[in-house]
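**Student:** below are the sequence and a predicted model for it; my questions follow.
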Amino acid sequence: MQQYKFNFIKFCLENDVLRFGEFVLKSKRISPYFFNGGNINTGKAFVNLANFYASCISENFTSEEYDLLFGPAYKGITLATCAGIGLAQQGLNVPVSYNRKEVKDHGEGGLIVGASLQNKKILVIDDVITAGTTIKEAVGIAKAQQGKIIGIVIALNRQEIGLNSKLSAIEEAELEFNLKIASIICFDDLLEFIQQDASLTMYIDKMLQYRTQYGINN
């Protein structure tokens, strides 16, 4: 596991973003861990988050592959901004934009705030992907604005099958829209982390059981 991934998991634990235990998900599955990006809510935490997203982007995409970062409303707005700041700290000055939930009919008007998506190769920045709804909406927005989404960067890939498919929402989106999805961490990274942390090894069996039941390619 790359060092930034290890550091991100520690960061999530310290900020109560990641918890281990027993949690009922929206899907009604009983999960041995829970991830809540909404608990990132301080200036210092956002600075750290900026660097984690930038590290993931730099590892998975060259600067020639994309022109713009797009944050789907609402969580994605902050995340795309963070990612832009993180890339700037690496010397890359990348435009950022996001969408409104409702089209503004006064002032500057329109649906998009920030840089124009027209003729741009776009990276979408988000936290997690569950049903893939956000991806479909983002692809539609980009197409309407004459831009093209080439990839998506998220914080966590749960690596589990959908409710009605043997593929994950991420795999389905990659196939349907012909784009690349990268994550700062994935389920396997979490498993590797707790196997090395004596205070968390009590959750290994539950994590392995969950992967056997819901993991992709099982």
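**Tutor:** That came through, no problem. Numbers count the residues shown, from 1 in each chain.

**Student:** which helix in the chain runs the most residues?
**Tutor:** Among all segments of the chain classified by DSSP state H, the helix with the greatest residue count is helix 43-60.

**Student:** mind listing what's buried along it?
**Tutor:** By neighbour count, with 16 or more other CB atoms under 10 Å as the criterion, the buried positions of helix 43-60 are Ala45, Phe46, Asn48, Leu49, Ala50, Asn51, Phe52, Tyr53, Ala54, Ser55, Cys56, Ile57. (Glycine included, C-beta is placed from N, CA and C.)

**Student:** for the residues you listed, give me TSV that also has distance to Ile77 and pLDDT.
**Tutor:** Written out in TSV, the entries for the buried residues of helix 43-60 read as follows (distance: CB to CB, whole Å; pLDDT from 0 to 100):
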residue	distance to Ile77	pLDDT
Ala45	16	96
Phe46	12	97
Asn48	18	97
Leu49	13	97
Ala50	14	98
Asn51	19	97
Phe52	17	98
Tyr53	13	98
Ala54	17	98
Ser55	21	98
Cys56	18	98
Ile57	17	98
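
**Student:** nearest to Ser168, of those residues?
**Tutor:** The nearest member of the buried residues of helix 43-60 to Ser168, counting by CB to CB, is Cys56 at 18.0 Å.

**Student:** please name the bridge partners of the residue nearest to the spatial centre of the chain.
**Tutor:** In the chain, the C-alpha nearest the mean C-alpha coordinate belongs to Ile154, at 1.4 Å (CA atoms, centre = their mean). The residues listed as beta-bridge partners of Ile154 by DSSP bridges are Ser183.
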